[in-house]
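In: Need coordinates for the following:
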Amino acid sequence: MKKVVAVLLIILSFFIIYFLQSNFFTWFTIAKVQPNLFVIFVLLIGLFAGKKLGLVLGIIFGFYLDVVVGRQIGISGIMLGLIGLAGEYLDKNFSKESRITIILMIISSTVVFEVGSYMFSLITLPVTVEIFGFLKILLIETLYNVIVTIIIYPIIQKLGHLLEETFKTRNILTRYF
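Out: This is a model prediction of the structure:
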């Protein structure tokens, strides 16, 4: 029951983040570039709740975003699913307690998401290759994601530990004689 409530709260958080992304951050752009809060959100689900939930929710959230605002269905779903899956592997190899490692994880996830999305778009859509424009957008979005992560880091730690406690703890029953 506790896990069901946690998943429902994650879904509610997704819609709050969607509202912030589509309404609030449109006022605060840097060179017409917004942060990608969904990359941060799905990575944190993968880090703190596990790869299964990160993968499934990354795919579901990505497909929802593709249906609502995307040009092509599937790209965001695949990329966010990969980021959710990578969260568990990053958790096993790096510490989540350090702000620097969280920031490095956010940087790498943002780069992977944007490069992967750009490559899929180049393959499937009739777009022209603009490397310098893409690199400028990538740099600004990565910096913006880092700034947002630094600002909300205390919230990330508190909610992350609650997620980890809910999804990753194993209740082992032992018998004492």
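
In: Now do residue 55: how many residues are near it, please.
Out: Residue 55: 22 surrounding residues under other CB atoms under 10 Å. For every residue, glycine as well, the C-beta is placed using N, CA and C.

In: any idea how far it lies from residue 157?
Out: Distance of residue 55 to residue 157, given as CB to CB, to the nearest Å: 23 Å.

In: Kindly report the same for residue 137.
Out: From residue 137 across to residue 157, the span is 29 Å (CB to CB).

In: Which neighbouring elements make contact with the helix ranked longest in the chain?
Out: Longest helix in the chain, counting residues (DSSP state H): helix 131-167. Here helix 131-167 touches helix 2-19, helix 37-49, helix 99-124, going by 3 or more CB pairs under 8 Å, 6 or more residues apart in numbering; DSSP states H and E.

In: how about that helix: buried residues?
Out: Residues of helix 131-167 classed as buried: 137-138, 140-142, 144-146, 148-149, 156, 159-160, 163-164, 166-167 (neighbour count, 16 or more other CB atoms under 10 Å).

In: and that helix, how far from the chain's centre?
Out: Between the centre of helix 131-167 and the centre of its chain there are 8 Å (CA atoms, centre = their mean, to the nearest Å).

In: Give me the angle between it and helix 99-124.
Out: For helix 131-167 against helix 99-124, the angle by axes from the mean of the first three to the mean of the last three CA atoms, to 10 degrees is 120 degrees.

In: Would you mind giving the orientation angle of helix 131-167 with respect to helix 2-19?
Out: For helix 131-167 against helix 2-19, the angle by the same axes, to 10 degrees is 150 degrees.

In: tell me the average confidence for helix 131-167?
Out: Average pLDDT, helix 131-167: 91.

In: Low-confidence bits of the protein, can you list those?
Out: 169-177 (pLDDT under 70).
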